[in-house]
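Undergrad: Fold the stuff below for me.
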Amino acid sequence: MTLEGANVQLKELYRLRKEQETVIKKINRFHAKLSQVGPEQVEKYYDQLRSHYAKAKVLAESEASASSLCMEQLAGLLTPGQITVNGRKRADAGDQKRKRMKSDADSSRLSSPTFPRTPVANSGIVPGDQVAARVTADDAENHEWIVVKVTRYDRDTNKYEVIDEEPDDDAESGQQRKYKLPASCIIPFPKKADASSAPEFLPGSQVLAVYPHTTALYKASVVGPHRKKRSDDYLLEFDGDEEEGTDGLPKRQVSFYHVVQLPDGHRQ
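TA: Take a look at the predicted model:
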């Protein structure tokens with residue numbers, strides 16, 4: 001457990017509570033209106049109320065889950081031998097990038113609508129796919145790669161339109177970031193349901209991988225032993241992933257569908 005992980009959970013808990021406050025205010029306004037409308041309008045307001053109550057229930061369940069995760073993170077910080085600071089060498093540069101990966105249930109509630117799944121640009125990528133995307137300029141000092149969802153391919157500009165599904169922590173509105181990126185900034189992930197689509201990276205290979213419990217990708221090295229099945233997790237050492245009180249880099253397990261070839265010219 002790290003201070004950074006606890007901070008992420010606290011931010012998520014704060015976001016959920018702010019969103020609940022907004023929903024509760026809407027519910028109270030609708031109740032006030034019910035006493036002022038005629039019988040012919042009551043059903044319409046009841047339908048909208050049911051929708052807001054359903055959203056409030058989902059948010060309450062998400063808050064309970066986030067609270068439990070937050071307590072686990074904070075408890076870990078108080079355990080002897082656990083890291084309390086500097087869990088990542090470049091924590092100051094990576095705070096915004098290392099966002100918590102949502103569970104399947106969270107994603108179904110908070111992700112964008114389903115898109116027509118028609119392949120685009122002869123790449124095998126279809127709208128709705130999650131891909132690795134570089135969201136920094138070619139000449140940036142450090143390249144930032146994150147997990148995004150493809151919404152469409154613009155044939156006129158030859159670019160993919162994608163969204164970062166995690167709300168922007170720096171924006172009061174909590175809006176999702178949108179990007180238009182050329183194919184050179186997009187790397188499709190291996191298919192989760194088809195391990196045969198995944199390349200085999202031997203020990204010693206340099207790769208780009210999703211750091212556990214985040215939506216950010218970093219350079220890593222594959223370490224042994226060799227995987228028994230193509231669908232097994234990779235054991236990786238992430239560059240700069242030093243931990244206080246330990247010798248060498250920690251070895252972290254990453255699913256095969258979150259590991260891709262390291263791009264040429266990658267800077268981190």
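Undergrad: Quantify the burial of residue 29 by counting its neighbouring residues.
TA: 11 (other CB atoms under 10 Å). To be clear about C-beta, it is placed using only N, CA and C from the backbone, and glycine gets the same treatment.
Undergrad: Check whether it sits in a helix, strand or coil.
TA: helix (DSSP: H, G, I helix; E, B strand; the rest coil).
Undergrad: any chance you could map the helices in the protein?
TA: 3-34, 39-77, 91-94, 104-110 (DSSP state H).
Undergrad: Those: lowest mean pLDDT?
TA: Mean pLDDT values for the helices of the chain show the minimum at helix 104-110, a mean of 36.
Undergrad: and residue 154, bridged to which residues?
TA: In this entry, residue 154 is beta-bridged to residue 159, by DSSP bridges.
Undergrad: need the contact list for it.
TA: 160-161, 180 (CB atoms under 8 Å, 6 or more residues apart in numbering).
Undergrad: ok, and the most crowded of the residues you listed?
TA: residue 160 (26 neighbours).
Undergrad: What distance do you get for that one to residue 154?
TA: 8 Å (CB to CB, to the nearest Å).
Undergrad: shared neighbours, those two?
TA: residue 180.
Undergrad: measure stretch 205-223 end to end?
TA: Using CA to CA, to the nearest Å, the end-to-end distance of stretch 205-223 comes to 8 Å.
Undergrad: in that stretch, what counts as buried?
TA: Buried residues in stretch 205-223, counting neighbours by 16 or more other CB atoms under 10 Å, are found at 205, 207-211, 214-222.
Undergrad: Could you do stretch 224-241 as well?
TA: Neighbour-count burial for stretch 224-241 [16+ other CB under 10 Å]: 227, 231, 234-236, 238, 241.
Undergrad: before we move on, what about stretch 249-265?
TA: Result for stretch 249-265 [16+ other CB under 10 Å]: buried residues 249, 252, 254-260, 262-263.
Undergrad: For residue 65, see how far away residue 129 is.
TA: 26 Å.
Undergrad: One more: residue 194?
TA: 30 Å.
Undergrad: Repeat that for residue 152.
TA: Counting by CB to CB, the gap from residue 152 to residue 65 is 32 Å.
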